[in-house]
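Participant: Build me a structure from this.
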Amino acid sequence: MKNDWQVRGVASGQTEFEASASTMIAAAVAIGATYFYFLIYAEFALLELAMPMMGEETWWMRGLMLALGAGGLGGSVWAGVRFDVLRVQSRLSWSFRGCAVGAALGLGAGNWPLLLVAAVVSGAALGMLTVNLAASLRPIIGTKRLGWVIGWGTGLAYACCNVPWIFEADPRTQTILAAGIAALASVLSPFMAPQEPSVSPEIDYRPAGVLRWVVVLMMLVWLDSAAFFVIQHEAGLKTETWTGSLQLWGNASVHLGLALVAGWMLDRGARALVAMTAFGFLAAGCVLLTSSPGGSAGWFYVAGVSLYSVLLVYYPARSGRSAVAAVVLGVGGWIGSALGIGMVQDMGRVPVEFVVVAGVLVAIMLVWRSRALRGAAVAGLCLMVTDPASAGGSPEDQVSRGRQVYIAEGCIHCHSQYVRPGTSDETRWGRPAMPEHPSPPLFGNRRQGPDLSTVGRRMPSAEWHRLHLMDPRQFQPRSRMPSYRHLFKADNAAGEALVAYLLTLGHERSS
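Facilitator: Numbering: from 1, shown residues only. Okay, the predicted model is just below:
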């Protein structure tokens, strides 16, 4: 089914499976290749290739950045709308190839219009790549080591970009490297097959939570882009920050080390702490760039970038939702980057006032988040107290009644309850704990919706099932499933019985 996997959730936000070592390595390399392409080509070599064509016309640079950003935003939106986890391996391959083509066009562009085309192609391919990759990481590698894998990917990308012979190479060599790595990364998709599908129901991924994190991440990207542009175009700052083998190797070590620290922290739920620490480093770097420029400003900047870059991938990846990935990477990433560069192009510095305002916004967003989490804990306790299995008869009676409701409502016409052994069914839905079902077996007539043999194990949240049964399009806008809100009216116990039955599917059961 085209987007069935996008609607599955796990109450704790965690996945049950753990990916193989080869899958995690492939995912880390894909993340690293994506970041390397963005850093060494889209953010650096492409602009250097444009310099000889611009002369004194600085507005040409704005046009080039606009073309790159428009392509990136458009690619992100398209990937978010058209995301299909069952086709993500192919789309990742083609996105990497598109990046390679965009770099090749930039390398061969002999005039300004062709360079603009190269920027649009590169941005669009990169936008599609980042959203497809972020949205597919959860079903590919799970959540147990998600931060660790992303930390390795982003850390290695930044470290490689700071290797002296790569960083100090001419823009044409850097472009060739970026195109070659993107082309090589396109062969990784066979190692990145999606496994257990799920989305996170955590409060951070509800609309208000996404809005808060988009603001936080946009502020971080904004500061990063502004500081990068200032350092890159101030000879003294560039010498202090990015000149000399010792300095570059130091940058590479800090990038890799702190990226791994960030990944380790994120796997332990420290999202807010990573965000606050990253902002603190970036803010200190930006203030020092203005007040007392020197080597310390560069180190603060490098540390902040290392931390937030992992968070920028981890937050949408943990959600398992393409829409979240598109909003975060499109708005927070591309628009935030454009605003940061646009702010300092004329000013030549990062205003301290802006750093203060950004800090206030980040603090407000994270404080709201912590209060919301406390409220969610209370709500969760209430749901546990009012679980349907503890009300209205014994659990066995509830399940038996729910099975009859399942049959009476015609669920068997659209949902199967049979995972064919040794087929792709096991990859999509997982092997049932006990394949034998009570009589009569509910194999189902067809699969207009996903197989439900393991739905209780995949989605062990009673509240999720209630909300999904009452309003399926809240979870999947294009769902053809009708609403069963009538089963949950005050005088009707059928809905709770159906939920109790669904929760048993995929678990060991007695006859």
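
Participant: how about the host helix or strand of Leu68: buried residues?
Facilitator: Assigned by DSSP states H and E, Leu68 belongs to helix 59-82. Going by neighbour count (16 or more other Cβ atoms under 10 Å), the buried part of helix 59-82 is 60, 63-77, 79-80. (C-beta placed from N, C-alpha, C; glycine too.)

Participant: for stretch 97-111, same thing?
Facilitator: Residues of stretch 97-111 classed as buried by neighbour count (16+ other Cβ under 10 Å): 97-107, 109.

Participant: Also stretch 40-53?
Facilitator: So stretch 40-53, judged by 16+ other Cβ under 10 Å, has buried residues 40-47, 49-50.

Participant: just to revisit the earlier point, could you dump the buried residues of stretch 97-111 into JSON lines and include distance to Arg480 and secondary structure?
Facilitator: Conversion of these to JSON lines gives the following (distance: Cβ to Cβ, whole Å; DSSP: H, G, I helix; E, B strand; the rest coil):
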{"residue": "Arg97", "distance to Arg480": "34", "secondary structure": "helix"}
{"residue": "Gly98", "distance to Arg480": "33", "secondary structure": "helix"}
{"residue": "Cys99", "distance to Arg480": "36", "secondary structure": "helix"}
{"residue": "Ala100", "distance to Arg480": "39", "secondary structure": "helix"}
{"residue": "Val101", "distance to Arg480": "37", "secondary structure": "helix"}
{"residue": "Gly102", "distance to Arg480": "38", "secondary structure": "helix"}
{"residue": "Ala103", "distance to Arg480": "42", "secondary structure": "helix"}
{"residue": "Ala104", "distance to Arg480": "43", "secondary structure": "helix"}
{"residue": "Leu105", "distance to Arg480": "42", "secondary structure": "helix"}
{"residue": "Gly106", "distance to Arg480": "44", "secondary structure": "helix"}
{"residue": "Leu107", "distance to Arg480": "47", "secondary structure": "helix"}
{"residue": "Ala109", "distance to Arg480": "47", "secondary structure": "coil"}
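
Participant: Among these, which one lies nearest to Leu246?
Facilitator: When the buried residues of stretch 97-111 are compared for distance to Leu246 (Cβ to Cβ), Ala103 comes out closest, at 29.8 Å.

Participant: List the residues that contact the closest one.
Facilitator: Ala103 makes contacts with 37, 41, 118, 122, 175-176, 178-179, 182, as judged by Cβ atoms under 8 Å, 6 or more residues apart in numbering.

Participant: Repeat that for Val274.
Facilitator: Contact analysis of Val274 by Cβ under 8 Å, 6+ apart lists 262, 265-266, 307-308, 310-311.

Participant: cool, and Gly444?
Facilitator: 412-418, 451.

Participant: thinking again about what came up before, the helix holding Leu68 packs against which elements?
Facilitator: Under the contact definition 3 or more Cβ pairs under 8 Å, 6 or more residues apart in numbering; DSSP states H and E, helix 59-82 sits against helix 46-54, helix 112-141, helix 322-327, helix 336-347.

Participant: go again using 6 Å as the cut-off
Facilitator: Contacts defined by 3 or more Cβ pairs under 6 Å, 6 or more residues apart in numbering; DSSP states H and E place helix 59-82 against helix 112-141, helix 322-327.

Participant: and the ones you listed as CSV, adding mean pLDDT?
Facilitator: Formatted as CSV, those follow (pLDDT from 0 to 100):
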stretch, mean pLDDT
helix 112-141, 93
helix 322-327, 92
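
Participant: Tabulate those (JSON lines), appending distance to Glu353.
Facilitator: Output for the helices and strands packed on helix 59-82, formatted as JSON lines (distance: least, Cβ to Cβ, whole Å):
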{"stretch": "helix 112-141", "distance to Glu353": "31"}
{"stretch": "helix 322-327", "distance to Glu353": "28"}
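
Participant: Those helices: which one's closest to Thr423?
Facilitator: helix 112-141 (17.9 Å).

Participant: Give the closest residue to Ser308 in space, chain neighbours not counted.
Facilitator: For the record, residue 308 is Tyr, not Ser. Ala278 (3.7 Å; Cβ to Cβ, 6 or more residues apart in numbering).

Participant: Identify the spatial nearest neighbour of Glu409, chain neighbours not counted.
Facilitator: Using Cβ to Cβ, 6+ apart and skipping residues adjacent in sequence, the residue nearest Glu409 is Tyr484, 6.8 Å away.

Participant: Output the below-cut-off pLDDT ranges for the stretch 201-350 of the chain.
Facilitator: The stretch 201-350 of the chain contains residues with pLDDT under 70 at 233-241, 290-296, 345-348.

Participant: neighbours around Gln404, how many?
Facilitator: 13 (other Cβ atoms under 10 Å).

Participant: Wait, a helix at it?
Facilitator: Yes - Gln404: assigned to a helix according to DSSP: H, G, I helix; E, B strand; the rest coil.

Participant: Identify the residues contacting the helix holding Leu68?
Facilitator: 50, 54, 116, 119-120, 123-124, 126-128, 131-132, 322-323, 326, 329-330, 334, 338 (Cβ atoms under 6 Å, 6 or more residues apart in numbering).

Participant: got the angle between it and helix 112-141?
Facilitator: If you take axes from the mean of the first three to the mean of the last three Cα atoms, to 10 degrees, helix 59-82 sits at 30 degrees to helix 112-141.
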